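Visitor: Sequence below, structure please.
(one chain, ligands or ions: 2)
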Amino acid sequence: MKVLANDGISKAGENALKQAGIEILDNRVAQDHVINFINDNNVTVLLVRSATKVRQDLIDACPGLKIIGRGGIGMDNIDVEYARSKGIKVINTPTASSKSVAELVFGHFISLARFLHESNRLMPLEGETHFNAMKKSFSNAHELSEKTLGVIGFGSIGQEVVKIGIALGMKITVLTRSPKTEVLTLNFFDGQSVNFEITSTNDMEAFLKDADFISINTPKTNEYILDTPQFEKMKDGVYIVNTARGGVINEVALIDFIESGKVAGAALDVFENEPNPELPLLMNPALSLSPHIGGNTVDAQEKIGIELAEQIIKLQKETIR
Ligand SMILES: NC(=O)C1=CN([C@@H]2O[C@H](COP(=O)(O)OP(=O)(O)OC[C@H]3O[C@@H](n4cnc5c(N)ncnc54)[C@H](O)[C@@H]3O)[C@@H](O)[C@H]2O)C=CC1
Ligand SMILES: O=C(O)C(=O)[C@H](O)COP(=O)(O)O
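Guide: Ligands and ions are numbered 1, 2, ... in the order given. Okay, here's the model as predicted:
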């Protein structure tokens, strides 16, 4: 096996592969040259994050590829079904970054509810009058405790988001396409744990009527999940965080409802036009923004690298057997 980790891999992952005798190339090959590089260097395993696109043309042009690995969760940059139809194994790391993403969701919620993002933008302007004006305008802040957290999508990230919400004393409502019940375990530092049973609803209207803080945690969808009709049914003063994918929320409608006051604040880690978010988003003080960093922690990347390496080593053993 020869691995090309085109968007990088953690040292721990790299070391695990090397120890198993697997050659790893960590070149960052530009998208237009990936096909030639794979064929010229007899690469059999292509590892990517979200930057490298693995579409039909690449799959067709690289008959030596045996495994495509996504260091992360969302595989919308890979033609997964097509690759599998050609006998290529496609793997990802489904839970390695869930906690990192969930923590970012709350980083944004707290930033929005306490104006931290805007504070950081405005603090460098000096003067007592300015300081006191900021203090006054930021007093319209809110606690999360006892408010209702609404989570759309109840997979691994959605469940981690709910757990943090419970720990903060929030009420919980979860929206899924069909109702389901999950038992979530909160683990504490002293080894104790508590189980919570959460049953989701598929009633969008009831969900929107209840939720004070909405987090979207679905994969990329073909249609907006939150568009004008949904915004209209939300509570006044709602906060929204999207760490899922650009395209699950209509960004133009979002700006309209921020301007009308219906949405008190929103945070985007992912964008319809990524990596060049639209200017009205970048300029809006009610938006807390981050450049797609949900899974971008040392901890998550370490787990991702190790999980990828373990899967590749296992597949290699199965092939040899
Ligand atoms: N911002 C970032 O850096 C990151 C973003 N992500 C995104 O988060 C997404 C979710 O990740 P996981 O929770 O691990 O995936 P998951 O597959 O465990 O859970 C997603 C859940 O959403 C549900 N779902 C799909 N469409 C829905 C809809 N219209 N309404 C309600 N529920 C719906 C699915 O049934 C599934 O239960 C990934 O697909 C990826 O796009 C993942 C990692 C990092
Ligand atoms: O796993 C996912 O899905 C993600 O969105 C990634 O964590 C973010 O993309 P990369 O930073 O891994 O390119």
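Visitor: mind listing what's buried in stretch 70-89?
Guide: Of the residues in stretch 70-89, those with enough neighbours to count as buried (16 or more other C-beta atoms under 10 Å) are 70-75, 77-80, 83, 88-89. The C-beta positions use only the backbone N, C-alpha and C, and glycine is treated the same way.
Visitor: Just the ones of those in strands?
Guide: Among the buried residues of stretch 70-89, the members falling in strands are 70, 89 (criterion: DSSP state E).
Visitor: want to throw the buried residues of stretch 70-89 into TSV with distance to residue 118?
Guide: Rendered in TSV, the data for the buried residues of stretch 70-89 read as follows (distance: C-beta to C-beta, whole Å):
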residue	distance to residue 118
70	35
71	34
72	30
73	30
74	29
75	35
77	33
78	37
79	41
80	40
83	44
88	47
89	47
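Visitor: among the buried residues of stretch 70-89, which are within reach of ligand 1?
Guide: If you filter those for contact with ligand 1, counting by C-beta under 6 Å from any ligand atom, you are left with 72-74.
Visitor: distance between the ends of stretch 137-148?
Guide: Distance across stretch 137-148, first residue to last, is 24 Å (C-alpha to C-alpha, to the nearest Å).
Visitor: typo on my end, it should be stretch 144-163
Guide: 14 Å.
Visitor: Can you give me the neighbour number for residue 6?
Guide: The tally of other residues near residue 6 (other C-beta atoms under 10 Å) stands at 24.
Visitor: my guess is it meets residue 28, correct?
Guide: Yes: when contacts are counted by C-beta atoms under 8 Å, residue 6 is listed as touching residue 28 (6.3 Å).
Visitor: Correct me if wrong: residue 70 contacts residue 49.
Guide: Yes: judged on C-beta under 8 Å, residue 70 makes contact with residue 49 at a distance of 7.3 Å.
Visitor: Show me what the biggest helix by length in the chain is packed up against.
Guide: Of all the elements of type helix in the chain, the one with the most residues (DSSP state H) is helix 298-320. Taking 3 or more C-beta pairs under 8 Å, 6 or more residues apart in numbering; DSSP states H and E as contact, the helices and strands that helix 298-320 lies on are helix 11-19, strand 67-70, strand 89-91, helix 98-114.
Visitor: Throw these into TSV and include mean pLDDT, thanks.
Guide: Conversion of the helices and strands packed on helix 298-320 to TSV gives the following (pLDDT from 0 to 100):
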stretch	mean pLDDT
helix 11-19	97
strand 67-70	98
strand 89-91	98
helix 98-114	98
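Visitor: ranking the ones you listed by burial, who's on top?
Guide: strand 67-70 (a mean of 25; mean count of other C-beta atoms under 10 Å).
Visitor: got the contact list for the closest residue to ligand 1 within the chain?
Guide: With C-beta to the nearest ligand atom, the shortest gap between the chain and ligand 1 falls at residue 155, namely 1.7 Å. Shown in contact with residue 155 (C-beta atoms under 8 Å, 6 or more residues apart in numbering): 217-218.
Visitor: Just give me the closest of the buried residues of stretch 70-89 to residue 54.
Guide: If you rank those by distance to residue 54 using C-beta to C-beta, residue 78 comes first, at 4.3 Å.
Visitor: Show the contacting residues for the closest one.
Guide: In this structure, residue 78 makes contact with 48, 53-54, 68, 70, 90, judged by C-beta under 8 Å, 6+ apart.
Visitor: Which two among those residues are spaced furthest apart?
Guide: Every pair in the contacts of residue 78 was compared (C-beta to C-beta); the two farthest apart turn out to be 53 and 90, at 13.9 Å.
Visitor: Residues of the stretch 201-321 of the chain that sit close to ligand 2?
Guide: Proximity of the stretch 201-321 of the chain to ligand 2 (C-beta under 6 Å from any ligand atom) is limited to residues 292, 294-296.
Visitor: what about residue 210, neighbour count?
Guide: 18.
Visitor: Run a quick check on it versus residue 151, I expect a contact.
Guide: No: under the criterion of C-beta under 8 Å, residue 210 makes no contact with residue 151, lying 11.5 Å away.
Visitor: got any residues that touch both of these two?
Guide: residue 173.
Visitor: now the spatially closest residue to residue 142 that is not a sequence neighbour: how far from ligand 2?
Guide: Counting by C-beta to C-beta, 6 or more residues apart in numbering, the nearest residue to residue 142 once its immediate chain neighbours are dropped is residue 113, at 4.6 Å. In this structure, residue 113 and ligand 2 are 24 Å apart, going by C-beta to the nearest ligand atom, to the nearest Å.
Visitor: repeat for residue 217
Guide: From residue 217 across to ligand 2, the span is 11 Å (C-beta to the nearest ligand atom).
Visitor: do the same with residue 289
Guide: For residue 289, the distance to ligand 2 equals 15 Å [C-beta to the nearest ligand atom].
Visitor: what number of residues lie near residue 60?
Guide: With neighbours defined by other C-beta under 10 Å, the count for residue 60 comes to 11.
Visitor: For it, which three-state class applies?
Guide: helix (DSSP: H, G, I helix; E, B strand; the rest coil).
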